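Engineer: Give me a 3D structure for the following:
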Amino acid sequence: MVSRMTEPAVLFVCLGNICRSPMAEGAFRAEAERAGLRVTCDSAGTADYHVGEPPDPRAVQTARAHGVEIGHLRGRQLVAEDFHRFSHVLVMDHANLANARAIVPADAPTRPILLLDLVKGREGAAVADPYYGGEENFEYTWDDVTRAARALVTALRQ
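Structural biologist: Below you'll find the predicted structure:
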């Protein structure tokens with residue numbers, strides 16, 4: 001499930017690439033940096049709703065409150081080539097997992113999995129989409145993506 005590459009390349013995927021996946025990217029970058037782990041990472045959405053746009057201001061505010069800057073990120077759409085470019089494609093929920101699986105090239109070395117499959121006791125669970133809720137929902141999402149980021153860093157260091 002998690003490879004032992006010297007420099008992993010990790011892609012985080014949600015629907016629009018303005019809430020969950022940029023938060024996951026930011027949390028993972030921060031955890032990897034703290035651990036001294038060299039990584040390449042990015043985020044994408046399965047839909048093209050927000051291509052070129054910055055993350056939702058509530059996502060930026062939540063990440064910033066935890067010492068992580070994601071305001072510079074810009075939305076992009078998941079493409080088939082990503083399954084060749086990234087060693088790990090980590091998806092936020094089941095609908096987007098199905099969307100990602102639908103475009104995986106047959107010869108791609110990487111297959112998408114749910115992000116929370118990395119967190120013991122949360123396997124098969126989705127990271128809830130905070131977009132339509134209040135600011136407290138962004139805190140719940142931050143907690144999920146941070147726990148997953150820590151689990152991923154631990155797995156990559158083993």
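Engineer: where do the helices sit along this structure?
Structural biologist: Along the chain, counting by DSSP state H, helices occupy 20-35, 57-65, 82-85, 94-101, 135-157.
Engineer: can you tell which of those is closest to residue 48?
Structural biologist: Residue 48 sits nearest to helix 94-101 of all the helices of the chain, at 11.7 Å, using C-beta to C-beta. Heads up, the C-betas are built off the backbone N, CA and C, glycines and all.
Engineer: Can you mark which positions in the closest one are buried?
Structural biologist: 96-97, 99-100 (16 or more other C-beta atoms under 10 Å).
Engineer: now that helix against helix 20-35, angle please.
Structural biologist: Using axes from the mean of the first three to the mean of the last three C-alpha atoms, to 10 degrees, one finds that helix 94-101 and helix 20-35 are set 80 degrees apart in direction.
Engineer: returning to what we had before: for the buried residues of helix 94-101, which one is nearest residue 68?
Structural biologist: residue 96 (22.3 Å).
Engineer: how many other residues sit next to the residue nearest to that closest one when sequence neighbours are not counted?
Structural biologist: Nearest non-adjacent residue to residue 96, counting by C-beta to C-beta, 6 or more residues apart in numbering: residue 46, 4.9 Å away. By other C-beta atoms under 10 Å, 25 other residues sit near residue 46.
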